[in-house]
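>>> No sequence on hand, only this structure:
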């Protein structure tokens, strides 16, 4: 049977073999929520960069630049790291270069996988449907915060692992741990995440509405994937045929 595993931090990824797996990267607050929102709102492609300077250079090639460090928008960039930035009509049809504190680093570390999928609560059912249709083991990689485990990504991992039942079995105890946490907190998830370290960090920066939005389930029916270094959308027909 296919297996699902959870890696709670990119700093633990060396413990996992990814060359034979689909890796689902998640950074709920807020990188992968932004990427999912952007693709859903017609962004042509998104190129993730771990390095801020490399990302900045893409402006000269006609890319919009987006990003944050420590939760704050980078000075001189076109967009920050809010999903609402990606809803602007001016972003539709554009190519975006993005760098973030945690999410783009997790994507960079995942590039040895068979496929990299961008996951968020905003598209969780679409991602689960896509994974169930694939004959491949899955690793859910939580971006965390600077190598440390965080609550919101771990809860997503539990929710996605739960959604993959009964087609997948646990590769180890991490999916069970994540599922238990999600099932315990899911009925009050906004309040639970508001008490998390990163939500408190964002609230200190006066970032409030993003948190609740990023915890919404199934706002979008899109599956963003990394293809040739770019995050692009697979349409529904492609999802069913692969």
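Yes, it's here. From a predicted model like this one, the values you see are computed outputs, not experimental measurements.
>>> And the residue of the chain positioned farthest from its centre, how close does it get to residue 97?
Distance to the chain centre peaks in the chain at residue 60, reaching 26.6 Å (criterion: Cα atoms, centre = their mean). Here residue 60 is placed at a distance of 11 Å from residue 97 (Cβ to Cβ, to the nearest Å). Using the backbone N, CA and C atoms, a C-beta is placed for each residue, glycine as well.
>>> same thing with residue 234?
Residue 234 is 21 Å from residue 97, by Cβ to Cβ.
>>> Neighbour count: these two, which is higher?
residue 97 (27 against 19; other Cβ atoms under 10 Å).
>>> Neighbours of the closest residue to the more buried one other than its chain neighbours, how many?
Excluding its sequence neighbours, the residue lying closest to residue 97 (Cβ to Cβ, 6 or more residues apart in numbering) is residue 58, at 3.6 Å. Neighbours of residue 58 under the rule other Cβ under 10 Å: 18.
>>> same question, residue 208
Other residues within reach of residue 208, judged by other Cβ under 10 Å, total 12.
>>> List the contacts of it.
residue 202 (Cβ atoms under 8 Å, 6 or more residues apart in numbering).
>>> Next, the closest residue to residue 163 other than its chain neighbours: secondary structure please.
Excluding the flanking residues, the one nearest residue 163 by Cβ to Cβ, 6+ apart is residue 128, at 4.0 Å. Look at residue 128: counting by DSSP: H, G, I helix; E, B strand; the rest coil, its state is helix.
>>> For the closest residue to residue 15 other than its chain neighbours, name its beta-bridge partners.
Nearest residue to residue 15, sequence neighbours excluded (Cβ to Cβ, 6+ apart): residue 7, at 7.4 Å. On the basis of DSSP bridges, residue 7 is bridged to residue 141.
>>> repeat for residue 69
Applying DSSP bridges, one finds that residue 69 bridges with residue 72.
>>> What is the burial count for it?
Neighbourhood size, residue 69 [other Cβ under 10 Å]: 13.
>>> which residues sit in contact with it?
Residue 69 makes contacts with 52, 100-101, as judged by Cβ under 8 Å, 6+ apart.
>>> In PyMOL, select just the buried ones from those residues.
Typed into PyMOL, the line below selects the buried ones among these, using 16 or more other Cβ atoms under 10 Å:
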select buried, resi 52+100+101
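>>> right, and out of the contacts of residue 69, which lies closest to residue 225?
Comparing the contacts of residue 69 against residue 225 with Cβ to Cβ places residue 100 closest, at 18.2 Å.
>>> Model confidence score at the closest one, please.
pLDDT recorded at residue 100 is 97.
>>> Skipping adjacent residues, who's closest to it in space?
The shortest distance from residue 100 to any non-neighbouring residue, by Cβ to Cβ, 6+ apart, is to residue 31 (4.3 Å).
>>> show me what contacts that neighbour?
Counting by Cβ under 8 Å, 6+ apart, residue 31 touches 81, 98, 100, 102-104, 143.
>>> ok so, going back, how about the residue nearest to residue 97, what does it touch?
Contacts of residue 58 (Cβ under 8 Å, 6+ apart): 47, 49, 65, 97.
>>> how about a cut-off of 10 Å?
If you count contacts by Cβ atoms under 10 Å, 6 or more residues apart in numbering, residue 58 has them with 47, 49, 64-65, 95-99.
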